[in-house]
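S.K.: here is a sequence with its predicted model. Questions after.
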Amino acid sequence: GITTFLLVSSCLIMAVEDVEFLSPDGYTGEPVEDCVNTGDTAWVLFSAILVLGMMPALAFFEAGLLRRKNTLSIITEVFVGLALMQFMWYMGGFSLVYGTDLGGFIGGFDYFFMRNLGVECLPYAPQIPGLAFASFQSMFASVTPLLMTGAIAERMKFRSFLLFIFLWEILVYYPLAHWIWGGGFLMQWGVVDFAGGIVIHTSSGVASLILAIFLGHRIDFDLYHGEFPAHNIPLAAIGTALLWMGWYGFNAGSALSAGPLAAYAISATTVASTVGVLVWSLLSLLQHRHVHTIAVLNGAIAGMAGITPASGYIESYWAAIVAIFIVLGAYGGVWLLKGKLKIDDALDVSSVHGITGIIGSLSIGFIATSKVNPNGPDGWFYGNFSQVYIQAGGVALAIAWSAFWTLILLYLFRFSKFFKLKVEEEIEILGLDHYYHGDCAYHSLESPEDPELDAGEETSLMDPHYNSINQETNSAANLDYRLRVSADMRKTLSARNTDTFHV
C-alpha cells in the first residue's frame, strides 16, 4: 500500500510539473505570462468588483436622499449610465486613455475594441494582465459622470442626461485621464493623482456645479432652502455603507498590488472617513443642535472622496489632519453654494466631491513622501516645494478643462428641441418616475385617500428641524404642494402623446 501511494504521488508531482495551469474543469489553458503576479492580480480583480458595487450603492444613497417620486429616476440613470460607460470604455475609451501617447494629449488606437489586449502586462501595471488592469480602470471611467446624477436630480430629462454623459466622457474624462495616468503631459510634468481626486472628483464636481446653475432651481427650492426632505434615510445609509466598503477597492486597489502601498491606502481611507464623520457630526450639532444622520453620511463620503488622490502618497497620521480641512471645505461649500448663492446642486456634489477632491489633490504637494510610495514624489514638508505648484497647476487645468467643455455642451444643448435639459414643470411636480419610467417605487405606500397622490411625502415633508421650516409653514405650504400633484394631472400626462417614447 505504501509503495502504491508513493508511486501515485510521484506521478502526480510529475504531472503538475509538466502542466503550468489546470482549470477546474480539466481544460489546460495557455501558460501564464512570466510578468503576472497572481496575488496582485487577485487583489486588483477583487477591487474592481468592489468598485463596481459602488455604483448601485451610489444609486441607493442618492435615491434615499431624494423625494420618493424620483426614486426610480435616479436608480435608472445610474444603471443605464453604468452600462453605457462600460461599453464605451471597452470599445475605445481604454485605448484613448492608455494607448500610445499622441503628443501628450490623448492615447492612440492600439486597443480599440480591446484588440492587442490580453494576459500580457502593460507598463502602467507591470504585474497584472492587461485585461485585469483595463477592467479595474473601467470602473473609474464609469463612476465619474455618474456622480453628476446627484447634482441634476429630479429635473433633468433622461435622454439629455445620457447624451450629455456620453459626450462629456469623450471630451473631458478620456483626455484628462490620459494626461495624468496614461503618460500625457501632466504626468510628464510630475502631477500625481493616486486614485482620482483630480481626474474623477474635481472634474465631475466642476461639471456638477455648472449643470446645477444651468438647470436652475427645483420647484419650491426657497421653501425648503434647497434642502428637500429625504424620503428614505435608511436606504441612503445602506448606500453609504456599501460605498464605504467599496472605497477600499477604489483607493487600495489603485496600488495595483497586494502589498505595503495598498495597506497605506486602506489606512488613510479609514482615518479620513472616520474623521469626516466626527467633524461633520460636530458641525451639525453646533448648527442644528442635533447630530443628523444625513450629516454622518455626508461626513464619511466627504472624507473618503477628499483623501482619494493622496491615499497612496501620505503617512496615515496626515490623513487625519487633511480630513479636517476636507470636511470644513465641503461643509463650507454647501453653506456658500446652496445657502448663500442659492445654487440648486441637489445633493451637493460640487462640495462633497468637487471641493474635497481639490483639497486632497493640493495636499499632495505638501505632505507626500516617497517613504510611502517610492514611485511617488516628496512634498514641500519633505523637501520638495516644487510639488506644490505642480499639483496646483494640474488641479487648475482640470477645473478649466472640465468647465470649458461642460459649458460648450450645455450651450449646444440649448439649440436642440429634442434634447432640452430640464423637464416641464408639470412633470417635475408629478415626479420623473411616473413619466419617464412608468412606475413608482413604493406601490404599497400610496395614500388611501388618493391612490394617485404622491403621499409618501406627507410625513417626510413635516420635519421642521433639518429643513429649517417652522410648523406653521409646514401645515399650510406643504399641503398646497401635495395637492398640486393631483389625480387629474396624472391622467392628463398619461393621456398626452401615448404613442411617444418617454425618454
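M.R.: Structure's in. What do you need? What you see is a predicted model, and the numbers here were worked out from it, not measured in a lab.
S.K.: helices of the stretch 151-300 of the chain, start to end?
M.R.: For the stretch 151-300 of the chain, the helices defined by DSSP state H, counting those that start in this stretch cover 158-168, 174-181, 185-189, 203-215, 233-252, 260-288, 293-307.
S.K.: what sits against Gly259?
M.R.: Going by CB atoms under 8 Å, 6 or more residues apart in numbering, Gly259 touches Asp40. C-beta: built from backbone N, CA, C; applies to glycine.
S.K.: same check, this time on Leu278
M.R.: By CB under 8 Å, 6+ apart, the contact list for Leu278 reads Gly299.
S.K.: give me the distance between it and Ala295.
M.R.: Distance of Leu278 to Ala295, computed by CB to CB, to the nearest Å: 11 Å.
S.K.: in stretch 224-242, which residues are buried?
M.R.: For stretch 224-242, a neighbour-count test (16 or more other CB atoms under 10 Å) marks 224, 226-233, 235-237, 239-240, 242 as buried.
S.K.: same check, this time on stretch 122-134
M.R.: For stretch 122-134, burial by neighbour count (16+ other CB under 10 Å) applies to 122, 125, 127-134.
S.K.: can you tell me which of those residues is nearest Glu169?
M.R.: Proximity to Glu169 was ranked across the buried residues of stretch 122-134 by CB to CB; first place goes to Ala134, at 15.7 Å.
S.K.: so who does the closest residue to the closest one other than its chain neighbours touch?
M.R.: If you skip the residues right next to it in sequence, Ala134 has Phe94 as its closest partner in space, 4.9 Å away by CB to CB, 6 or more residues apart in numbering. By CB under 8 Å, 6+ apart, the residues touching Phe94 are 111, 114, 117, 134, 137-138.
S.K.: is Phe94 within a helix or a strand, and which one?
M.R.: Using DSSP states H and E, Phe94 sits in helix 94-98.
S.K.: the helix or strand just after that helix pairs with which strands, and in what direction?
M.R.: Per DSSP H and E, helix 94-98 leads on to strand 101-102 as the next helix or strand towards the C-terminus. Within its sheet, strand 101-102 is paired with strand 106-107 (antiparallel), according to DSSP bridges.
S.K.: ok, and what's touching the partner strand?
M.R.: Outside strand 106-107, the residues that touch it by CB under 8 Å, 6+ apart are 95-101, 174-175, 178, 182-184.
S.K.: between those residues, which has the most around it?
M.R.: Per-residue neighbour counts (other CB atoms under 10 Å) across these peak at Val97, which has 29 neighbours.
S.K.: that one and Ala177 touch, don't they?
M.R.: Yes - judged on CB atoms under 8 Å, Val97 makes contact with Ala177 at a distance of 4.6 Å.
S.K.: list residues touching both of the two?
M.R.: Counting by CB under 8 Å, 6+ apart, the common neighbours of Val97 and Ala177 are Ala141.
S.K.: would you turn the contacts of Phe94 into TSV with distance to Ile74, secondary structure and pLDDT?
M.R.: Formatted as TSV, the contacts of Phe94 follow (distance: CB to CB, whole Å; DSSP: H, G, I helix; E, B strand; the rest coil; pLDDT from 0 to 100):
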residue	distance to Ile74	secondary structure	pLDDT
Tyr111	33	coil	94
Met114	31	helix	89
Leu117	33	coil	85
Ala134	28	helix	96
Gln137	25	helix	97
Ser138	22	helix	97
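S.K.: can I get the buried part of those as one PyMOL selection?
M.R.: The PyMOL command for the buried members of the contacts of Phe94 (criterion: 16+ other CB under 10 Å) is given here:
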select buried, resi 111+114+117+134+137+138
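S.K.: right, and out of the contacts of Phe94, which lies closest to Phe366?
M.R.: Scanning these for proximity to Phe366, where the rule is CB to CB, the winner is Gln137, at 27.6 Å.
S.K.: distance check, the closest one against Pro175.
M.R.: Note on Gln137: its distance to Pro175, by CB to CB, is 15 Å.
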